[in-house]
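Peer 1: Give the three-dimensional model of this entry:
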Amino acid sequence: MNPIPNAWTFGDTRIYITITSGLVEMMDNEELDAIIAHECGHIICRHVLYHSIARYILSGADSLGVLGTLAVPIQYAILYWYRKSELSCDRCSSIITSPEIVSRAMARLAGGPKELTKDINMQEWALQADKYDEIRTDGLWNKTLQLYVTMGLDHPFNAVRVREILKWGESAQYLNLKENLKSETSGKKCNNCGRSVSPDWTFCKYCGNKLR
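Peer 2: Now for the predicted structure:
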């Protein structure tokens, strides 16, 4: 029971996912599926173990005083990896749901309940991330300020996550993964090569055998 919308995964050999009551109240069923799939992505990618190690390093460095400053570059490198791991799990989430549903979940987390965020134009929101990237080439001072803001974060900005997941949703890699998943869940197999095939295929894409 926690009114703050949040979800996290912890443990390695005994893993659990925690979802707060605030998140359940804010999200619809599809968006909750996206959140749970994201957390399962952390489990599949073994991020949980590395996240735990990272937390120990980050918290341990804080207790070392002056010596802890020597670990600062390591801390920033870990946080950089943290942010990338979130993008990976957004991809896991979009395979189970869709890039659009993942984007909706990001909108809820960034802006509040559906009453406030239902009319957000995701493509327009994603353009904020493009503007944000332009700062990198807008002089040394602006680039330094951007680095200062981001290097201590463990999650990317939500606009960046939306931009990246919408872009990946149009990629050949995403379409192939969805097609393969559809084939595996159909239960139908090619009677020539035995590979899983999609119900709407006329020919097996692996061996060319006519299916119907």
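Peer 1: Can you name the next helix or strand after the one helix or strand in the chain whose mean pLDDT sits lowest?
Peer 2: For the chain, using mean pLDDT, DSSP states H and E, the weakest element among its helices and strands is helix 47-62, scoring a mean of 72. On the C-terminal side of helix 47-62, the nearest following helix or strand under DSSP states H and E is helix 72-96.
Peer 1: How about residues contacting that next one?
Peer 2: Helix 72-96 has contacts (CB atoms under 8 Å, 6 or more residues apart in numbering) with 33-35, 37-42, 44-45, 47, 50-51, 54, 57-58, 61, 101-102, 105, 150-156, 161, 164-165, 168-169, 174, 177-178, 181. For every residue, glycine as well, the C-beta is placed using N, CA and C.
Peer 1: center of the protein - which residue?
Peer 2: For the chain, the residue nearest the mean C-alpha position is D90 (1.9 Å; CA atoms, centre = their mean).
Peer 1: ok, it to H38 distance?
Peer 2: Between D90 and H38 the computed distance is 6 Å (CB to CB, to the nearest Å).
Peer 1: Low-confidence bits of the protein, can you list those?
Peer 2: Regions of the chain meeting the criterion pLDDT under 70 cover residues 58, 60-71.
Peer 1: can you count the residues close to K182?
Peer 2: 15 (other CB atoms under 10 Å).
Peer 1: Check whether L166 really touches P99, as I assumed.
Peer 2: Yes. Under the criterion of CB atoms under 8 Å, L166 is in contact with P99, at a separation of 5.3 Å.
Peer 1: what's the nearest residue to the residue nearest to the centre of the chain if we skip its chain neighbours?
Peer 2: Counting by CB to CB, 6 or more residues apart in numbering, I165 is the residue found nearest to D90 once chain neighbours are left out, at 4.9 Å.
Peer 1: residues in contact with the one you found?
Peer 2: For I165, the residues meeting the contact criterion (CB under 8 Å, 6+ apart) are 87, 90-91, 94, 99, 102-103.
Peer 1: Kindly list the main-chain dihedrals of it?
Peer 2: Torsion angles at I165 (phi, psi; degrees, to the nearest 10) stand at phi -80, psi -30.
Peer 1: Check the gap between it and A54 for me.
Peer 2: In this structure, I165 and A54 are 23 Å apart, going by CB to CB.
Peer 1: Let me see the residues that make contact with stretch 145-162.
Peer 2: Under CB under 8 Å, 6+ apart, the answer for stretch 145-162 is 76, 79-80, 82-83, 86-87, 90, 102-103, 106-107, 109-110, 122, 125-126, 128-129, 132, 135-136, 164.
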